[in-house]
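Asks: okay, here's the prediction I keep looking at, along with the sequence it came from:
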Amino acid sequence: MEAASNGVRVFFSIISEGADVAETLVNFVRQMEDDYEDVQDITLFIFAVRSFFCWSRAEELYTTPERVEYIKHKWMEDNDAKYTSWLASSEDAHENLKWSKWTFQAKNTILSDFLNHRETHL
């Protein structure tokens, strides 16, 4: 539960600074990935990411496709960096990549669902 509290603290500190929504989402998700990695609780991670989209300012993403592309680009960069780090380590075990794969798929699916929900309900 403390991990969730850390993520919430990060989120509220970011929004109080007036950062843009895309940067806030990237930072929030990164914090959630770090917070839940030790326990690899994908259900809690998914809940946290979905909860972000309850924030009233999340709707700004509907009108800023360039910021959505920024988010996707940052997530791809993070994913590539983790994979590259694993390759450089010469480890045969792929268990280290499991969490990264789960979170990468989850956050992209959640973002797509959020954006598609708007399109289907206009």
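Replies: Everything's here; your move. The model shown is predicted, which means the values in this text are computed figures rather than measured ones.
Asks: and residue 26, how many neighbours?
Replies: Neighbour count of residue 26, defined by other C-beta atoms under 10 Å: 21. C-beta here means a position set from N, CA and C on the backbone, and glycine is covered the same way.
Asks: going forward, begin numbering at 36 instead of 1
Replies: OK, 36 is where the count begins now, so the last one is residue 61.
Asks: which residues touch it?
Replies: Residues near residue 61 by C-beta atoms under 8 Å, 6 or more residues apart in numbering: 105, 106, 109, 110.
Asks: again with residue 133
Replies: Shown in contact with residue 133 (C-beta under 8 Å, 6+ apart): residue 75.
Asks: low-confidence ranges, the protein, go.
Replies: 36-53, 153-157 (pLDDT under 70).
Asks: tell me, what residue is most central in it?
Replies: For the chain, residue 64 is the residue whose C-alpha lies nearest the centre (C-alpha atoms, centre = their mean; 3.1 Å).
Asks: thought that residue was touching residue 145?
Replies: No. Residue 64 is not in contact with residue 145 according to C-beta atoms under 8 Å; the separation is 9.2 Å.
Asks: so which residues of this structure form strands?
Replies: Using DSSP state E, no strands are found in the chain.
Asks: which non-adjacent residue is nearest the residue nearest to the centre of the chain?
Replies: In space, and not counting its chain neighbours, residue 64 is closest to residue 142: 5.4 Å by C-beta to C-beta, 6 or more residues apart in numbering.
Asks: state the distance from the one you found to residue 118.
Replies: Computed as C-beta to C-beta, to the nearest Å, the residue 142 to residue 118 distance reads 16 Å.
Asks: same thing with residue 66?
Replies: Residue 66 is 21 Å from residue 118, by C-beta to C-beta.
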